[in-house]
Structures are given as C-alpha cells and as structure tokens.
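[1] Below are the sequence and a predicted model; questions follow.
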Amino acid sequence: MFRHNTLRYGALVLLAAGAVAHAVTAGYFGLEILTEILILAILVLALDIVAGFGGMVSLCHGALMGVGAYAFALLSTKAGISVPLSMVAAVAITGAGAWVVGAVCARSHGIYFIMATLAFGQMAYSYVFEAPVFGGDDGLGGISRPDLSLVGIDLDDSRSFALFCLAALTLVYGAAVITLRSGLGRSLSGVMHNAQRMRALGLTVWRVKADIFGVSGMIAGLAGVLAAQHSMYISPGLLNWTVSGEALVVVILGGLGTLVGPLVGAAAFVVLKHEVSALTSYWHLVVGSILIAVVLSRANGIFGWVEARWGAKLDRRLADSTRGTEAQEVTGDA
Amino acid sequence: MLELQGLDKSFGAVHVTRNVSMKLERGERRVILGPNGAGKTTLFNQIVGELTPDKGTIHLAGQDVTGLSVAGRARQGLSRSYQKNTLFDGLTVEENLGLAAAVHTGHATRLWSDSLAKPEVREIVAEVANQVNLMPYLHAKVSEVSYGVRRQLEVGVALATRPMVLLMDEPTSGVGPEMSKGFHDLLNNLPRDLTILIIEHDMDLAFDVADTITVLNYGEVVFDGLPEAARGSKLLKEIYLGSWEDA
Ligand SMILES: Nc1ncnc2c1ncn2[C@@H]1O[C@H](COP(=O)(O)OP(=O)(O)OP(=O)(O)O)[C@@H](O)[C@H]1O
Ligand SMILES: [Mg+2]
C-alpha cells in the first residue's frame, strides 16, 4: 500500500528543485535532455502503478504511449481538431484501449501476463506500421504544441516546453498518488498481496485490474502526446516493444513500487545514456551492467536501496525530535 | 439460510464429497466434525465456489448460487475463513480488516476517495476489531503479530464483510488451549442472527458452540443431529479414535 515518508517527500522536493533549476539555467541541449527525462518519468510512473502496485508487469506501455502519440497526431493534424481537444481525446482513447488490454490480460499471471501484454503491444506496432493512415515507416510530421500565447507562454521555446512537461509530470504524480490511495488503489494492493482472499471477500478482481490498467494507460497516453509534441514528428518505432522494455528497466533501476524511485530512475537512465554514449557507442553494455549490479544487490533499485538504509531512520529521528526527546541512536539497518 | 443438496466431488479416482446435504436455519450454529481428510475443507471450497461440485446444488437465503462466482456468492452474504491463514501479509491488521469492509460497503472500487478513510469502513473495522480482540494490534503488520493473533484476524477479515452466513475452517487450528477458550467466548459473542458453519477439531469447543452437528467421514455425512445425540454416538467415538490411532 502506498505511503509517503519523510525521505520520499524530501526526494520529491529535491527532484522538483533540481528540475526547475535546470529548466531555468540550462542551454538548448540541456533542456532537450530534461524534457526527455520528464516525458520518460511520466511513462514510468504509469508503469509503476500497474507493475509496482498491482504486480502486472506490462510489456505494452511503450505501445500505449505510441497509441497516445499517434491518436494525438492524427486528430490534430488530419482531423482538424484543436490541439487541447486532441490531447484530451488521445488520453481518453489510450485509456480505453488500455482498459481492454487489462480486462483481457487480467486473468493471466506472471510470465503469461507479460507475454499477453507483449502480444497486444506488437499488434498495435504492426498495425501502425502497416496501415497507410499512419504514414508507415515515414511516420507523421507537422505536429504542433498547444498554443498558450494567451497567457504569454510560447511553448515552441524549449525552456517553456520543458516547464510545461514538468507541470504535466507534477499533475501525473498527484493523480498517481490519488489513484493508489483510492478505494480502487487499496483494492489493487489487496489483490497483489492475496487475490484469492479479495475474491472471497466479494471483489471482482479482473475489474479492479482493468480499471487500474485504464488509468495507467491514460498516463502513458499523455506521455505519448508530450513525446509527439516534443519531437513534432513520430514514427512507429515509438510503439516497439523495446520502448516498453526500456521503461521496465527504468522502473526497476529506480525502485519498483515506490513512485519516487522511477523518477530517479528516469533521470539516471537518460543522463547515463547521454553521458556514456558520448564516450562509447557501447553504452547499452554500461547501462546493462549497472542494471545487473542493482538487481544482484537485492535492493529495490536505487531509491529502494536509499530507503532501506535511511527511510525508517529518518522518520524515527523526526518523530523523536518532534516529541522533544533526544534523538536516539539507531543501530543496524532499519 | 444455507442449504446443500446432494453435493458430490471427485478428484480423479478419489471421491472426496459423497452426496452431502444439509440445511442451516437462520442463526443456526452447526459444527462439522470429521477426521483428517474427511473432505471438510473440500466441502467449504464448494460452498463458497472455489471448487465446482460434480453434482448437487447450493442455496443461499433461498436463492440458487451454484452457478455464481466466488465473488458473487460473497456479495450475496457468504463469507469464509481459511484453515491456513489467507491474509494480506505485508499490510497492517487495520488494513486487512479495512479491505474487507471496503468491499462490503462498495468503496473498494471507487477511484476518487480513500476507502480506508470512510466512516462506514472505519466503523466496521473498529467493531470487528473489538469482536475478535484485535484492538491492540491494529497498526501492526500481519508479519509482526503472533500466530494466534493472525488466527483471530483470519476470522476478523471474514466478519468484516458483514456476512449472513459465516464459514469458519478450524479457527483454532494450531493455537494453544487458552486461545481456544478465547475463541469460544468470541463465537458466543457474535450476533445471534449470524448463521455459522464451523469446522472444528476441538470436541469440547464443538459441543459448546454447536446447535447442531454434522459428522463427515470419507466424504459422507454419517451423523446429522443435536450435540447431545452426537456425544453419546458410538460411531463418532470410533471415527475419532480411529483417526487418532492413524495419526
Ligand atoms: N485439489 C485437490 N486435488 C486432489 N485431491 C484433493 C484436493 N483437495 C483435497 N484433496 C483430497 O481430498 C481429501 C479431503 O481433503 P480435505 O482437505 O477436504 O480434508 P479435511 O477434512 O479438511 O481434512 P483436515 O482435517 O486435515 O483439514 C484428502 O484426501 C485430500 O488429499
Ligand atoms: Mg481441512
């Protein structure tokens, strides 16, 4: 069940402050990287909701993001619908699609669930690749960003767009917390701990899984919309399963089921990718080695590791100091 | 309130439930006795829908529920506890009870509000925690409390859906005599209109709480009647002595 603790709040404040500071000071290239991180962060939050809090390891979240991107691009460039309305519609369409995927896959578990989501993802990928309306291999271009000139913001400026994505990420994080703390989110946690018992209590388990998958899909769809607006051009590669795999790597690297961890993971992953790929084209080897080290360390990702060491300690210190007593020395791992 | 008619179940060549019928009136407390492997748990699994009987029907409050899913039957007012703890281990005692109460009150599937914070849910949690003596442990995780407390919680979770019919599978299994005594007080404190079917190995406890007794042996009902009649039954002694000798 999702809980905030001092460490999580602290990490959120640090991350937000870092992102804002970077957005204000960075040059063009730095802003591109920041935007990439923010969009990836939205996608991995979506994935953490289902995988970390519902045990539904999805290999179709990249495809869901692609569905959002293509839906937005088609609606806004070809159907002549306004940008804001297209954004809303794209998010809704992706959510509905994800709900169906969730409903169909809900009855399978473990490796079968992963394979079923992969199959859905690949179906979407090949459809987008083959159907002429999507522009095939050439993709779709001419995608525009929302017009906020009314409030004096020019989103074609990369600094403004980075801040726009940061605002979106903040909203998504809030939505994720509300979802996990809702009746549905609590039930999801019950299902992950013991689906048999939840069923025996009268819960329609597949519905809960499908509903949560739908919410997660909406978030992935938003990531797709922003990705399309960011590059102003999209191609079927966005739906490839490797994108889903990468998202999963980021969630595990950051800390599955912590919400904050995946944000850390997204930043670490993108920075690592750019830094290491500047030095060697074998950057996948480096990232792979780090992932293996994290997994073998038996910690729950980077943030999970930090939390296991200092999370409880910090809370106790704080509780002690607010009680006005001396902070007690805590020995051993919390 | 609960009526079983001709339930039959085989696993391959093993015939575990043989033409089992019984009828529980509203508020009746019936104890099922029987040696290890008699098919008691298998019978429960069929009543709640975790297993499908090969033959026979199950009626709950006059309605045929044989075709309903596990969740569907639970929503009709049927609840069970398990012989082997089936809890939400990583969560607190309060959250365990809250999840069950949330399903009952319809808050378990809402997206905009926290089910565990709802007054109706908190009320049920507090009431059940009192009924099964869990008040001191509400904020402890399941993994942090003793086995005996977990057994109480196992029943508490089943009670938190406010059932009409409660099935308890050996609630005292594995706990000491003192705790067993506690369970017996607990049972006697439950609302009188709650219909209870309970599998129990402890004969004293069984005779103490039972309005009626069913004895199962090799999947078959070999006794159905009042506790006084069962107490004197030679058959029952034989079955139980037999199982003790086997053990
Ligand atoms: N899923 C299954 N597949 C095959 N055989 C089973 C299955 N479940 C139970 N059995 C068998 O059915 C018989 C009855 O088992 P059951 O668990 O119902 O007995 P019980 O009366 O509850 O015993 P105990 O007092 O030990 O709990 C046993 O012989 C058991 O091995
Ligand atoms: Mg049994």
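    Everything's here; your move. Ligands and ions are numbered 1, 2, ... in the order given.
[2] and the residue nearest the centre of chain B, helix, strand or coil?
    Central residue of chain B (Cα atoms, centre = their mean): B:Met168, 1.7 Å from the mean position. Counting by DSSP: H, G, I helix; E, B strand; the rest coil, the backbone at B:Met168 sits in strand.
[3] Give me the pLDDT for it.
    On pLDDT, B:Met168 comes in at 94.
[4] what's near enough to touch it?
    B:Arg80, B:Ser81, B:Val155, B:Ala158, B:Ile196, B:Leu197, B:Ile198, B:Ile199 (Cβ atoms under 8 Å, 6 or more residues apart in numbering or on different chains). C-beta: built from backbone N, CA, C; applies to glycine.
[5] Let me see the mean pLDDT of the helix or strand the fourth one falls within.
    Same thing as B:Ala158. If you go by DSSP states H and E, B:Ala158 is part of helix B:147-159. Mean pLDDT, helix B:147-159: 93.
[6] ok, back up a step: so what's the residue nearest to the centre of chain B bridging to?
    B:Ser81, B:Ile198 (DSSP bridges).
[7] gap between it and B:Leu194?
    Distance, B:Met168 to B:Leu194, by Cβ to Cβ, to the nearest Å: 11 Å.
[8] now swap in A:Val286 and tell me
    63 Å.
[9] Those two: which is more packed in?
    B:Leu194 (19 against 16; other Cβ atoms under 10 Å in any protein chain shown).
[10] Which residue, other than its chain neighbours, is closest to that one?
    Distance criterion Cβ to Cβ, 6 or more residues apart in numbering or on different chains; nearest residue to B:Leu194, sequence neighbours excluded, is B:Leu166 at 5.8 Å.
[11] Distance from stretch A:195-215 to the middle of the chain?
    22 Å (Cα atoms, centre = their mean, to the nearest Å).
[12] before we move on, what about stretch B:103-113?
    25 Å.
[13] same deal with stretch B:135-142?
    22 Å.
[14] same deal with stretch A:239-253?
    10 Å.
[15] residues in contact with it?
    A:40, A:43-44, A:47-48, A:51-52, A:57-63, A:65-67, A:70, A:117-118, A:121-122, A:124-125, A:128, A:237, A:261-262, A:265-266, A:268-269, A:287, A:290-291, A:294-295, A:301-302.
[16] Restrict those residues to the buried ones and give me that as a ChimeraX selection.
    The buried residues among those can be selected in ChimeraX (16 or more other Cβ atoms under 10 Å in any protein chain shown) with this line:
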select /A:40,43,44,47,48,51,52,57,58,59,60,61,62,63,65,66,67,70,117,118,121,122,124,125,128,261,262,265,266,268,269,287,290,291,294,301,302
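[17] just the contacts of stretch A:239-253 that are near ligand 2?
    By Cβ under 5 Å from the ion, no member of the contacts of stretch A:239-253 lies near ligand 2.
[18] So which of the contacts of stretch A:239-253 belong to helices?
    A:40, A:43-44, A:47-48, A:51-52, A:61-63, A:65-67, A:70, A:117-118, A:121-122, A:124-125, A:128, A:261-262, A:265-266, A:268-269, A:287, A:290-291, A:294-295, A:301-302 (DSSP state H).
[19] shaky segments in chain B?
    B:239-247 (pLDDT under 70).
[20] Name the residues of chain B found near ligand 1, please.
    B:Phe11, B:Val14, B:Val16, B:Gly34, B:Asn36, B:Gly37, B:Ala38, B:Gly39, B:Lys40, B:Thr41, B:Thr42, B:Gln83 (Cβ under 6 Å from any ligand atom).
[21] Which one of those sits in the busiest neighbourhood?
    B:Gly34 leads the residues of chain B next to ligand 1 on contacts (other Cβ under 10 Å) with 26 neighbours.
[22] nearest to ligand 1, of the contacts of B:Met168?
    B:Ile199 (6.8 Å; Cβ to the nearest ligand atom).
[23] Hmm, the closest one is touching B:Ile32, no?
    Yes - here B:Ile199 reaches B:Ile32: they are 4.8 Å apart, a contact under Cβ atoms under 8 Å.
[24] and for the two, which residues touch both?
    In contact with both B:Ile199 and B:Ile32: B:Lys40, using Cβ under 8 Å, 6+ apart.
[25] okay, which residue is most central for chain A?
    By Cα atoms, centre = their mean, the most central residue of chain A is A:Val44, 2.1 Å off.
[26] mind listing what that one touches?
    A:Val44 touches A:Ala247, A:Val250, A:Val251, A:Gly254, A:Pro262, A:Leu263, A:Gly265, A:Ala266, counting by Cβ under 8 Å, 6+ apart.
[27] What's the local residue count around A:Ala116?
    19.
[28] meant to ask about B:Val222, not that
    17.
[29] is it true that it touches B:Val215?
    Yes - between B:Val222 and B:Val215 there is a contact under Cβ under 8 Å: 5.2 Å.
[30] Against chain B, how distant is A:Asp154?
    Distance of A:Asp154 to chain B, given as Cβ to the nearest Cβ, to the nearest Å: 35 Å.
[31] State the helix or strand in which the nearest residue to that residue once chain neighbours are set aside lies.
    Distances taken as Cβ to Cβ, 6+ apart place A:Ser160 nearest to A:Asp154, at 5.8 Å, with adjacent residues excluded. Using DSSP H and E, A:Ser160 maps to helix A:158-181.
[32] Distance from the helix or strand just after that helix to the middle of the chain?
    Toward the C-terminus, helix A:158-181 is succeeded by helix A:183-200 as the next helix or strand (DSSP H and E). Its chain's C-alpha centre and that of helix A:183-200 lie 23 Å apart, by Cα atoms, centre = their mean.
[33] Pull the number of nearby residues for the nearest residue to A:His274 once chain neighbours are set aside.
    Spatial nearest neighbour of A:His274, excluding adjacent residues (Cβ to Cβ, 6+ apart): A:Ile33 at 5.9 Å. If you count neighbours by other Cβ under 10 Å, A:Ile33 ends up with 19.
[34] got a list of what A:Ile33 touches?
    A:Ala26, A:Val270, A:Val271, A:His274.
[35] For those residues, give me JSON lines that also has pLDDT, neighbour count and secondary structure.
    Formatted as JSON lines, these follow (pLDDT from 0 to 100; neighbours: other Cβ atoms under 10 Å in any protein chain shown; DSSP: H, G, I helix; E, B strand; the rest coil):
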{"residue": "A:Ala26", "pLDDT": "85", "neighbour count": "16", "secondary structure": "coil"}
{"residue": "A:Val270", "pLDDT": "93", "neighbour count": "20", "secondary structure": "helix"}
{"residue": "A:Val271", "pLDDT": "91", "neighbour count": "14", "secondary structure": "helix"}
{"residue": "A:His274", "pLDDT": "87", "neighbour count": "16", "secondary structure": "helix"}
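[36] now the residues you listed as CSV including distance to ligand 2?
    Listed next are the contacts of A:Ile33 as CSV, based on distance: Cβ to the ion, whole Å:
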residue, distance to ligand 2
A:Ala26, 65
A:Val270, 54
A:Val271, 56
A:His274, 60
